[in-house]
Every structure is written in structure tokens, then in C-alpha cells.
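>>> Got a sequence here, can you model it:
(one chain, ligands or ions: 2)
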Amino acid sequence: MSSREFVYEKFCEFYNRSSTVIPSPVLFRQREFAFLLFRERVMVRHNSFASPKALASFVKERIPSDVYHSCAYYENPAAEMEKKGWSGADLVFDIDADHIPTSCNKIHDEWTCSNAECGFNGKGITPENCPICGGVKFETKTWPCDLCLDSAKAETQKLVDMLENDFGFSVKEIRTFFSGHRGYHIHVENEAVRSLDSMARKEIVDYVSGIGLALFSKAKKDPPKLKPSAKAFSLSDYGWNRRVRLGMRKFLLGASKEDLHNVGLKTNSDIILREKDAILKRCLEGDYWKSIQGVSTGTWIKLAEYVKDLESAKIDTVVTTDIHRLIRADGTLHGKTGLLKVEFPVKDLDKFDAFTKAVAFKEGEAKVLVSDAPEFRLGGKTFGPYKQKQVLLPTAAAVLLICKGRAEVLK
Ligand SMILES: [Zn+2]
Ligand SMILES: [Zn+2]
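Numbering: from 1, shown residues only. Ligands and ions are numbered 1, 2, ... in the order given. Alright, predicted model coming up:
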């Protein structure tokens, strides 16, 4: 039996289990469903189902490696794109380790240019263009590790905080999911967001990413010889102004001389460290930004720019602006991991553990030959690291390694 057949069999068992339930998205009948079929390896789009039961039968029979539904609502979800009749879409965010610079991606992520004549490769985040031939297609080898997921979680926390406190969505309207691979999906389901067009969604993207904040654009456009009062630095107490203020406070409280150097503050770093208490009290709390000698408006702007990057949420911007986007269906398996997309309450974000909660295959074992795998955690156990090693593993761990192209099944 090939490794692919083995995984297919496990997916088949999972979807045919009586305990398997695929939760249905709201307004189920107005959604388009799409599937990547295991055997045929093709994407089947423009499906709609009269009931969750009909969807479940389709999945049981066809066994997709991946199941998606539209974030959009359509009058005719099964029609071709132009004839669907778009009537709205959820507001969705995708936070994925692919888009976050982590300290681990240089260790476990690799990319190779797909241009046969080039084949250039590197480690870390996949570039947009190949630095040698300019190509845009790459073969990638990634890994979902604890650090990746913790970074994605930290970004999710910032995003959820903005959605709640700056946009005013209630916790009930914000749904949080583990994506099944290396990140989280955040869905906002609310009448007010449904009709937003792509441009309006782009505005939301810019806000959470901290793009085009007036605070900075104004400072940049100022002619260099403008009198100081016109450039005076100030922060109000709501939205991004508040975020920058709180972020500065957090940053300055723990900042070392080296941290300040990283911000680009060299000559006055000693003053900042020496006057830390006064800065926190007079500037950050009292708004007397120019009360410390040696700490100028320019310094505040540099610091604010840096803190803005720390406080912005690193989302995959394309996902949010695309009003026809397909998103993985809750309760279905991810073809690259064999893990489930699972929902959890927003309040549990901090303690949510994907490597126990998203495990679908809880029984059996399989013997595999692992080519290369870092140490990893799954279902409460730790495995590896492995290099060219035969091991007997629990099904979930074997499926994960095979799906990630790191192992072959042995029979
Ligand atoms: Zn290339
Ligand atoms: Zn990682």
C-alpha cells in the first residue's frame, strides 16, 4: 500500500465514523462548497447542498483531502461565478505562520524555485519572487511547530482585541478556529459586515495592519524645516493612538540599551533609560511629550513606528479582501496535516492547544520510515527528532509525517 493510499484510508475511516459531525456554517444553503478530491487530485467547485446531511453523504462517498465553503452567500451557490448572485460575505481573517517571521522558520521551512532551469532554494519564509530567476512558483516544505502556533496565536490575540475594542464587535460575533495547519481563522458573522465590498474590507485590513496611520504619514510628509509646534507629537486615548501609547509603555518598561538601539535610538538611549520613570509618568500618562530634555518629537515618532509594528496584527491580507473566498470547513481534515479545523471559544484562545484538540485519529499505529522530522508534540506525546529512521507511531503522528512529505508508510 502506498503512503497516499494509507492516508486516504484513514480519511475514509474518519468521515465514515458515526461520531464524525461536520458543523454547518450559518445560512448553509446559500454557500458554495468546494472539494479537493483525494483520488482524482482535482478541485471540484460550485457545489451546494440542500442539507448538512447531503453534504455529509457527499464527503463520505467522495473522500476529499480538503473541504471548503464560501465565506460568501449567494442566490445560486451552484451556478458559475458570474451567475451566482452575490448577496454578502462573512468578514474573515487568516493568520498563518507562513506570513509571520518566526525564529523557527529558518530551521524547519524550506523553499525551492519551481522553474526547472533554476531550482534555487533557501530557508525561511518563501519569497514572492525567486531572487535568481524572478519566478513566482515554489515547492515548499514547512512544519507546524509549537513556536509557529504560539506566534500565530499572539497575532490572533491582537486582532481579536481590535475587533472587540476598536470595532465594537461582541464576543458572540467573533468565532475563532484552528486552521488545521499553521494558524488560526477568525470569522466575524454580523449583519453589518455582510454587505461590505472589497474596498471596505481593505480599509479594515489597513487598520489592523496599522497601514496609513495619520500619526506617521503626517510626520513623514512634513517639510524638514517646519516649526516644531506643527510636528508636536500627541496621542489620544482611543484606537491606534491608545494602542501605541500602551505599546510604548510595555516596550519601555522592559527595554534594554540594545532594544533601544534596535529601534534606531542611539545617542539618547542613555537618557531614555535614566529618565524611564519620568518618561512613563510625564509623557505616557500626562501627555507632556516634550518635557524630557533630549527626547524629541523625532524620537517619539521612531518609537511609535516601531511599537506600531509590534502591535499590528500580521494577517494574510488577500483572504480578508476577497469577497468570493473559499475557506476550509469547520470539522474537516486538512490534507497537509491530517489535523482538523476546529472551533474554540474566543475566551479560550490563550490556553487552546491545537496539538491535542485537533487530533482526528486517536486509534491504531503505523510503521513508517521517516526521512527527516524535527521533534514534535501530538496528542499529549512527544516524538522525534528523526532522520532516516523506521518507527512505529500512533496513526495521527504517522499521518502528519506522511502528509508533510516527511515519511513513507511501511507494510
Ligand atoms: Zn528561480
Ligand atoms: Zn515553527
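>>> is the longest helix seen in the chain anywhere near ligand 2?
Scanning the chain for the longest helix, with DSSP state H as the assignment, gives helix 146-165. Yes - using CB under 5 Å from the ion, helix 146-165 comes into contact with ligand 2 via 147-148. (Glycine included, C-beta is placed from N, CA and C.)
>>> Residues contacting that helix, please?
Applying CB atoms under 8 Å, 6 or more residues apart in numbering, the contact partners of helix 146-165 are 93, 95-97, 100, 102-105, 169-171, 174, 176, 182-184, 186, 188, 207-208, 243, 311-315, 346, 349-350, 352, 354-355, 377.
>>> Cross-check the residues you listed against ligand 2 and keep the overlap.
Residues of the contacts of helix 146-165 in contact with ligand 2 (CB under 5 Å from the ion): Cys104.
>>> Please check the contacts of helix 146-165 and keep the buried ones.
93, 95-97, 100, 102, 104-105, 169, 174, 176, 182-184, 186, 188, 207-208, 243, 311-315, 346, 349, 352, 354-355, 377 (16 or more other CB atoms under 10 Å).
>>> quick one: which of the residues you listed sit in helices?
Counting by DSSP H, the buried ones among the contacts of helix 146-165 place 105, 207-208, 243, 311, 354-355 in helices.
>>> List the residues that contact Asp259.
Contacts of Asp259 (CB under 8 Å, 6+ apart): Phe251.
>>> likewise the one 3 residues further on?
By CB under 8 Å, 6+ apart, the contact set of Asn262 is Tyr306.
>>> what kind of secondary structure is it in?
Put simply, Asn262 is helix when judged by DSSP: H, G, I helix; E, B strand; the rest coil.
>>> re earlier: among the ones in helices among the buried ones among the contacts of helix 146-165, pick out the one closest to ligand 1, please.
Distance to ligand 1 across these (CB to the ion) is lowest for Asn105, with 19.6 Å.
>>> I'd guessed that closest one sits against Trp111; true?
No - using CB atoms under 8 Å, Asn105 makes no contact with Trp111, being 10.3 Å away.
>>> any common contacting residues for the two?
Counting by CB under 8 Å, 6+ apart, the common neighbours of Asn105 and Trp111 are Lys123.
>>> With adjacent residues omitted, what lies nearest to the residue of the stretch 151-300 of the chain found nearest ligand 1?
The stretch 151-300 of the chain approaches ligand 1 most closely through Arg182 (24.1 Å), counting by CB to the ion. Ranked by CB to CB, 6 or more residues apart in numbering and with sequence neighbours excluded, the top spatial neighbour of Arg182 is Ala97, at 4.0 Å.
>>> list the contacts for the one you found?
Per CB under 8 Å, 6+ apart, neighbours of Ala97: 105, 142, 144, 148-149, 151-152, 182-183.
>>> Recalculate using a threshold of 7 Å.
148, 151-152, 182-183 (CB atoms under 7 Å, 6 or more residues apart in numbering).
>>> quick one: contacts for the residue nearest the centre of the chain?
In the chain, the C-alpha nearest the mean C-alpha coordinate belongs to Ile95, at 1.2 Å (CA atoms, centre = their mean). Going by CB under 7 Å, 6+ apart, Ile95 touches 152, 155-156, 159, 183-184, 314-315.
>>> mind running it again at 8 Å?
Ile95 sits next to 152, 155-156, 159, 183-186, 313-316 when contact means CB under 8 Å, 6+ apart.
>>> which residues of the stretch 1-150 of the chain fall in helices?
Per DSSP state H, counting those that start in this stretch, the stretch 1-150 of the chain carries helices over the ranges 3-16, 52-62, 105-108, 146-165.
>>> what's the least confident stretch among those helices?
Mean pLDDT is lowest for helix 105-108 out of these, coming in at a mean of 84.
>>> sorry, back to before: closest to Ala78 out of the contacts of Ile95?
Among those, His185 lies closest to Ala78 (CB to CB), at 24.0 Å.
>>> Show me what the closest one is bridged to.
Asp94, Phe177 (DSSP bridges).
>>> would you turn the helices of the stretch 1-150 of the chain into JSON lines with distance to Thr337?
What follows is these, written out as JSON lines (distance: least, CB to CB, whole Å):
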{"stretch": "helix 3-16", "distance to Thr337": "11"}
{"stretch": "helix 52-62", "distance to Thr337": "18"}
{"stretch": "helix 105-108", "distance to Thr337": "14"}
{"stretch": "helix 146-165", "distance to Thr337": "12"}
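>>> can you redo those as JSON lines with distance to ligand 1?
Output for these, formatted as JSON lines (distance: least, CB to the ion, whole Å):
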{"stretch": "helix 3-16", "distance to ligand 1": "28"}
{"stretch": "helix 52-62", "distance to ligand 1": "36"}
{"stretch": "helix 105-108", "distance to ligand 1": "20"}
{"stretch": "helix 146-165", "distance to ligand 1": "25"}
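>>> Lys389: which of those is closest?
Nearest to Lys389, of all those, is helix 3-16, at 15.7 Å by CB to CB.
>>> That closest one relative to helix 52-62, how many degrees between them?
On the basis of axes from the mean of the first three to the mean of the last three CA atoms, to 10 degrees, helix 3-16 is oriented at 150 degrees to helix 52-62.
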